[in-house]
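A.B. asks: Give me a 3D structure for the following:
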Amino acid sequence: MKDYFSYDERLGISIPILEKEWEEYSKETRQLILLYWEKIRGKIPDRIAILEKWINSKQEKLNDESDFERCCELNHDIAELASIINDLWIWYRINQDISKIHH
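C.D. replies: Below is the predicted model of the structure:
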């Protein structure tokens, strides 16, 4: 599946990289892509739960932090983690609409 997916370091999952229109892939290839995507998609909620724990940990540190620079760093980290979670939810919702992804 390496021809159809690429690991995204930021998101921590592989995402589809479809270079042709969905209909241009054989039926067998489309089924394999969908099966592989469903395996990845099924792991997204677990990935989100891990990121939420990291956010909670950083928020606890932020509550006890008095250094302004460190507060800014923690806020930045929290915002980045929240952004990743948002992007993961978008990918999670794609489900069978993977056919509309085209790069």
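
A.B. asks: contacts and neighbour counts: CA atoms only from here.
C.D. replies: Will do.

A.B. asks: so what's residue 92 closest to, chain neighbours aside?
C.D. replies: Take residue 92 and drop its neighbours on the chain: the residue closest to it by C-alpha to C-alpha, 6 or more residues apart in numbering is residue 41, 5.7 Å away.

A.B. asks: Number of residues surrounding that neighbour?
C.D. replies: Using other C-alpha atoms under 10 Å, residue 41 has 22 other residues around it.

A.B. asks: Wait, it touches residue 89, no?
C.D. replies: No - look at residue 41 against residue 89 with C-alpha atoms under 8 Å: they stay out of range, at 9.7 Å.

A.B. asks: Show the pLDDT at residue 101.
C.D. replies: Looking at residue 101, its pLDDT reads 64.

A.B. asks: For the longest helix seen in the chain, which helices and strands make contact with it?
C.D. replies: Ordering each helix of the chain by length in residues (DSSP state H) puts helix 27-64 first. Applying 3 or more C-alpha pairs under 8 Å, 6 or more residues apart in numbering; DSSP states H and E, one finds that helix 27-64 contacts strand 13-16, helix 68-94.

A.B. asks: one more time with 10 Å, if that's ok
C.D. replies: strand 5-8, strand 13-16, helix 68-94 (3 or more C-alpha pairs under 10 Å, 6 or more residues apart in numbering; DSSP states H and E).

A.B. asks: mind showing which ranges of the chain have poor pLDDT?
C.D. replies: For the chain, residues meeting the criterion pLDDT under 70 lie at 95-97, 99-103.

A.B. asks: SS state for the residue located most distally from the centre of it?
C.D. replies: Using C-alpha atoms, centre = their mean, the residue of the chain lying farthest from its centre is residue 66. It sits 32.4 Å away. Under DSSP: H, G, I helix; E, B strand; the rest coil, the three-state class of residue 66 is coil.

A.B. asks: who's in contact with it?
C.D. replies: Residues counted as contacts of residue 66 (C-alpha atoms under 10 Å, 6 or more residues apart in numbering): none.
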